[in-house]
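# sequence unknown, structure follows:
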């Protein structure tokens, strides 16, 4: 008997033993396949049902929607662009580490063109249409003041780098990562009196800007309280190009330094025209000067000036060194300015608060942000005071296109703060 015959007998015997015909075997296989598909369908249905329920029970599986509104095309567009660079870098880092509270960050970016009315419009659109969980922006105080009441009424936390004192007074859902105007003015006055040893100061103020006028008032109060003297006050309007008349008057008053609270768009030309007129006294400025375009407008006439600011790119802290390295790698070797650093810190602070809150529920997130203590940002240690403001400032010296770190100024007990 050959092998084939042997196998045939074994097969026939097996079929008789199990009472299966060939047709029955085929039918059984079809039935088994159908049952497998049916079971698989049921399992998949249950799986997707459970996933849907999990999404409802755990909103952390949904993205964290963050509305970012900035001036990206108006007078202070360089501020908006730098801030956005910092926000994007931080968001990408958060997402690279599997998100925050198991959720990815999803940015919704709006250009308000540097206009308060448009800032209010885009803030409302981000809240009502995009359903954002938090807002980051603006830089200009007037734009932020227009949007802040909308965020407050909607119970959507807003984190800004704008400096006007009234901003966080809008309500408890408004937070700040930057230095408030009165404190940076106080820090600069203290530096002028105690470090530069000056007494006589002239002021050149933007009469169309609340930011400029408030800084000037706070500076004068601090300076005179420390024994200094304001010898002359001059004004200009934002957008002016010719400052000769004011600078000639200032030169005649023979000040030790000139304080120019305002934006880079005017500070650069003022510095250049001052030098041309033979006014060589040091210039003092504020965070509004911090832009690469300042050097394009003022050039070497800015050398020897000092500004109060939120951030020093040459701060030797390990956190800042890592940030600068990542920023340069991403943005073609460009150095981050204070707005980029503040945008980065705002996004990281929000992520930290969400992790501590364990939710993106508005009231819970508000409490977590308000309870921020000792958060190590690249701009320094952030602890929110009772008005949701961090208080610290750095003094920078301007030299050959760079902002060089000179000093850090912190609140003192003499000012009623710890």
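Structure received. Please read all numbers here as calculations on a predicted model, not as lab measurements.

# right, and the helix or strand after the host helix or strand of residue 182?
With secondary structure defined by DSSP states H and E, residue 182 is part of helix 181-194. Sequence order places strand 200-206 as the next helix or strand after helix 181-194, per DSSP H and E.

# in its sheet, what does that next one sit against?
strand 229-236 (parallel), strand 257-259 (parallel) (DSSP bridges).

# in TSV, list those along with mean neighbour count.
Heads up, the C-betas are built off the backbone N, CA and C, glycines and all. Below are the strands paired with strand 200-206 laid out as TSV (neighbours: other C-beta atoms under 10 Å):
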stretch	mean neighbour count
strand 229-236	17
strand 257-259	24
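
# for those, give me a markdown table that also has distance to residue 284 and mean pLDDT.
Shown next, in a markdown table, are the strands paired with strand 200-206 (distance: least, C-beta to C-beta, whole Å; pLDDT from 0 to 100):
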| stretch | distance to residue 284 | mean pLDDT |
| --- | --- | --- |
| strand 229-236 | 12 | 98 |
| strand 257-259 | 4 | 98 |
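
# now render those strands as a markdown table, adding distance to residue 150.
Shown next, in a markdown table, are the strands paired with strand 200-206 (distance: least, C-beta to C-beta, whole Å):
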| stretch | distance to residue 150 |
| --- | --- |
| strand 229-236 | 32 |
| strand 257-259 | 34 |
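
# so which of those strands gets nearest residue 98?
Of all the strands paired with strand 200-206, strand 257-259 sits nearest to residue 98, with 48.0 Å by C-beta to C-beta.

# what does the closest one contact?
If you take C-beta atoms under 8 Å, 6 or more residues apart in numbering as the criterion, strand 257-259 is touched by 188, 192, 196, 198, 201-204, 216, 219, 250, 274, 279, 281-285.

# can you give me the strands for the stretch 101-250 of the chain?
With DSSP state E, counting those that start in this stretch as the criterion, the stretch 101-250 of the chain has strands at 105-111, 134-136, 158-160, 174-176, 200-206, 229-236.

# quick one: the fifth one to helix 181-194, angle?
Spelled out, that is strand 200-206. Angle of strand 200-206 versus helix 181-194, following axes from the mean of the first three to the mean of the last three C-alpha atoms, to 10 degrees, is 150 degrees.

# need the pLDDT of residue 409.
Residue 409 is assigned a predicted lDDT (pLDDT) of 87.

# for it, give the beta-bridge partners.
Applying DSSP bridges to residue 409 gives these bridge partners: residue 393.

# what is the neighbour count of the closest residue to residue 294 other than its chain neighbours?
For residue 294, ignoring the flanking residues on the chain, the nearest one in space by C-beta to C-beta, 6 or more residues apart in numbering is residue 264 at 4.0 Å. As a burial measure, residue 264 scores 23 neighbours (other C-beta atoms under 10 Å).

# so residue 264 makes contact with residue 293?
Yes: using C-beta atoms under 8 Å, residue 264 makes contact with residue 293 at a distance of 5.8 Å.

# who touches both of these two?
Contacts common to residue 264 and residue 293, judged by C-beta under 8 Å, 6+ apart, are residue 78.

# in stretch 162-170, which residues are buried?
For stretch 162-170, burial by neighbour count (16 or more other C-beta atoms under 10 Å) applies to 162, 163, 164, 165, 167, 168, 170.

# want to try CSV for those residues, with distance to residue 386 and pLDDT as columns?
Formatted as CSV, the buried residues of stretch 162-170 follow (distance: C-beta to C-beta, whole Å; pLDDT from 0 to 100):
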residue, distance to residue 386, pLDDT
162, 19, 93
163, 18, 86
164, 18, 87
165, 13, 88
167, 15, 95
168, 10, 96
170, 15, 97
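
# ok, those vs residue 397, which is closest?
residue 163 (20.7 Å).

# just to check, that closest one is in contact with residue 290?
No: using C-beta under 8 Å, residue 163 is not in contact with residue 290, being 11.5 Å away.

# find the centremost residue of this protein, please.
Centroid-nearest residue in the chain, with C-alpha atoms, centre = their mean: residue 343, separated by 2.0 Å.

# please settle this for me: is that residue part of a helix?
Yes: judged by DSSP: H, G, I helix; E, B strand; the rest coil, residue 343 forms part of a helix.

# contacting residues around it?
Per C-beta under 8 Å, 6+ apart, neighbours of residue 343: 82, 83, 84, 85, 86, 87, 90, 136, 161.

# narrow the residues you listed to those in strands?
residue 136 (DSSP state E).
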